[in-house]
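Colleague: sequence below, structure please.
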Amino acid sequence: MTQQQERAGTLRIFVSYSSDDRWFATLLLDRLANHSGVSVFATQNLSAAGDYRRRLKEELRAAGAFLVLLSPRSVRSNWVLYELGAAWALGKPIVAVLTDPAVRSKIPIEAHQLSIVHVGDPKEPGAVDRILEKLHPNGQWHL
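Modeller: Now for the predicted structure:
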């Protein structure tokens, strides 16, 4: 979290997902964006113009937390795995949103290094609240 975010009481979350899961990610991003104290960044916010890789690195460094949507499609995405590895290397708190429990065994990060939330449908009552609770237990950002 940057000093400006701390002063504002917001948490910037980098959200990683496979383009094959855009429908799920869009619903999740919309729900997250409606929570006060949360600012989200996803690659859909990047334009094709400019230095895509540099901007991606800047956003990862600036993020206070990393949220990855893990599905059977995303665990086969090189970009999702690169972003996940970069977040791990930067020491970012990582929340893994699993759409299918079977994908947990497909990622190279040990369970104790992740906060895991099982969500079958982002419209499910309380789904976003459960995700935010992993980052914001007892009203304090967990970083």
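Colleague: from Ala127, how far out is the residue nearest to Ser39 when sequence neighbours are not counted?
Modeller: Nearest residue to Ser39, sequence neighbours excluded (C-beta to C-beta, 6 or more residues apart in numbering): Arg12, at 4.6 Å. (Glycine included, C-beta is placed from N, CA and C.) From Arg12 across to Ala127, the span is 21 Å (C-beta to C-beta, to the nearest Å).
Colleague: how about Asp30?
Modeller: For Asp30, the distance to Ala127 equals 12 Å [C-beta to C-beta].
Colleague: okay, and the beta partners of the residue nearest to the spatial centre of the chain?
Modeller: Central residue of the chain (C-alpha atoms, centre = their mean): Leu67, 1.5 Å from the mean position. Beta bridges link Leu67 to Val15, Val95, judged by DSSP bridges.
Colleague: contacting residues around it?
Modeller: Applying C-beta atoms under 8 Å, 6 or more residues apart in numbering, we find Leu67 in contact with Ile13, Phe14, Val15, Ser16, Leu32, Ile94, Val95, Val97, Ile131.
Colleague: would you turn these into TSV with distance to Asn78, neighbour count and pLDDT?
Modeller: TSV is the format used below for the contacts of Leu67 (distance: C-beta to C-beta, whole Å; neighbours: other C-beta atoms under 10 Å; pLDDT from 0 to 100):
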residue	distance to Asn78	neighbour count	pLDDT
Ile13	22	23	89
Phe14	17	25	91
Val15	17	23	91
Ser16	12	27	92
Leu32	24	19	79
Ile94	18	20	88
Val95	21	23	88
Val97	19	26	87
Ile131	24	24	77
